[in-house]
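Asks: sequence? don't have it. structure:
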């Protein structure tokens with residue numbers, strides 16, 4: 001929330017940003033980073049995974065990204081400015097305060113995110129909240145899972161989306177497919193479910209990490225939240241994703257691109273698609289093998305995450321805002337940052353040179369034509 005930046009200005013304090021999602025384009029742009037809409041690292045563009053995207057897709061991403069940046073700059077920030085000034089009095093533009101952010105902590109794993117140009121004052125971390133030793137399960141749930149001879153599937157749409165509010169047709173598809181599976185199913189469902197299959201256990205709240213850590217789990221069906229993705233990778237459970245909002249579409253497609261899950265559209269999927277996806281992920285060993293590799297890569301760090309972020313926080317305090325880590329591009333107007341003034345100048349010079357050459361060629365051709373006409377007329381007079 002941009003209005004919160006006013007606290008740092010009012011108390012003359014260093015400002016550290018924290019994002020529970022990936023790096024936002026507006027943060028990257030304001031701090032002087034390279035915003036490349038056509039590259040797959042930009043999570044704000046749904047489905048923006050893979051390289052060598054076709055021209056129409058890159059054009060769509062370009063327009064969408066810069067439209068978002070303009071919307072934030074000329075619509076959201078002015079509203080936040082008015083809100084902040086109601087409580088703090090006159091303030092410099094919030095966008096200028098944002099340029100003075102000392103550091104940003106980004107919840108983003110290198111392994112899960114495509115390589116990108118990164119500023120020195122952006123620090124990544126991942127799986128900050130995941131427990132190495134989750135709490136024991138409730139006894140009734142523990143028994144239900146222990147008795148799952150073929151294993152079990154965990155289904156949760158997170159805290160923002162409620163399974164109980166899904167359309168009846170979609171709930172019917174899930175129930176029909178679950179009833180035919182040889183596996184038990186744990187479903188985070190916020191109300192009573194009269195048509196609940198016998199092999200399904202429902203709960204309004206479920207200890208997700210403890211469930212994912214159970215040795216008999218086969219698959220996690222989820223909405224694609226960042227924290228859930230971190231948890232399922234830490235416990236090496238392949239996923240079937242039904243994205244619903246915000247960054248979830250990108251997250252699920254990344255999991256699919258990495259070979260540790262599959263993507264289905266929650267408004268159009270069929271019983272056959274759901275059943276086939278479940279069996280494909282559970283029976284094909286490559287999903288489990290791949291997620292084990294990625295888990296080990298994420299865990300392979302030379303430091304403790306909490307101590308690492310604490311060190312950088314203290315570093316910002318010791319260096320009085322760490323100004324030496326900031327990019328000077330943040331202070332340049334957009335046309336200088338992207339050398340647009342140079343590009344325009346060279347384009348104008350090129351056009352002038354081409355125009356002069358074209359003019360000379362035309363004049364030369366006209367001159368040669370006149371010479372040839374004079375020569376032809378002389379020959380006709382002689383004959």
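Replies: That came through fine. Given the structure is predicted, the values throughout are model-derived calculations rather than measurements. Numbers count the residues shown, from 1 in each chain.
Asks: quick one: which helix or strand includes residue 106?
Replies: strand 103-107 (DSSP states H and E).
Asks: residues in contact with that strand?
Replies: For strand 103-107, contacts defined as CB atoms under 8 Å, 6 or more residues apart in numbering pick out 16-23, 27, 31, 121-126, 128, 226, 309, 312, 316, 322, 325. All C-beta spots, glycine's among them, are computed from the backbone N, C-alpha and C.
Asks: pLDDT averaged over that strand - what is it?
Replies: Here strand 103-107 scores 93 as its mean pLDDT.
Asks: Partner strands of it and their direction?
Replies: strand 16-19 (parallel), strand 122-125 (parallel) (DSSP bridges).
Asks: Would you point to the one among the ones you listed that's packed deepest?
Replies: strand 122-125 (a mean of 18; mean count of other CB atoms under 10 Å).
Asks: Next, count neighbours for the closest residue to residue 190 other than its chain neighbours.
Replies: Spatially, and ignoring its direct neighbours in sequence, residue 190 is nearest to residue 164 (4.3 Å; CB to CB, 6 or more residues apart in numbering). Residues near residue 164, counting by other CB atoms under 10 Å, number 14.
Asks: just residue 263 next, same as before
Replies: So residue 263, with other CB under 10 Å, has 22 neighbours.
Asks: distance of it from residue 242?
Replies: 8 Å (CB to CB, to the nearest Å).
Asks: follow-up on the earlier one: now the strand holding residue 106, how far from the centre of its chain.
Replies: In terms of CA atoms, centre = their mean, to the nearest Å, the centre of strand 103-107 is found 14 Å from the chain centre.
Asks: And for stretch 69-82?
Replies: With CA atoms, centre = their mean, you get 22 Å for stretch 69-82.
Asks: What lies in contact with that stretch?
Replies: By CB under 8 Å, 6+ apart, stretch 69-82 touches 1, 2, 3, 25, 26, 29, 35, 91, 93, 94, 95.
Asks: ok, which pair from those residues is furthest apart?
Replies: 35 and 91 (25.7 Å; CB to CB).
Asks: any idea where the strands of the stretch 151-300 of the chain begin and end?
Replies: 152-155, 184-188, 200-203, 217-222, 239-241, 261-263 (DSSP state E, counting those that start in this stretch).
Asks: of all those strands, which lies closest to residue 252?
Replies: strand 239-241 (3.2 Å).
Asks: Just checking: what are the partner strands of the closest one?
Replies: Going by DSSP bridges, the partners of strand 239-241 are strand 217-222 (parallel), strand 261-263 (parallel).
Asks: Of those strands, which is nearest residue 274?
Replies: Ranking the strands paired with strand 239-241 by proximity to residue 274 (CB to CB) places strand 217-222 first, at 8.9 Å.
Asks: would you list the strands paired with strand 103-107 in a markdown table and tack on distance to residue 364?
Replies: Converted to a markdown table, the strands paired with strand 103-107 look like this (distance: least, CB to CB, whole Å):
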| stretch | distance to residue 364 |
| --- | --- |
| strand 16-19 | 63 |
| strand 122-125 | 58 |
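Asks: Include mean pLDDT and distance to residue 68 when you put those into CSV, please.
Replies: Shown next, in CSV, are the strands paired with strand 103-107 (pLDDT from 0 to 100; distance: least, CB to CB, whole Å):
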stretch, mean pLDDT, distance to residue 68
strand 16-19, 92, 16
strand 122-125, 93, 19
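Asks: Which among those is found nearest to residue 247?
Replies: Nearest of the strands paired with strand 103-107 to residue 247, taken as CB to CB: strand 16-19 at 10.7 Å.
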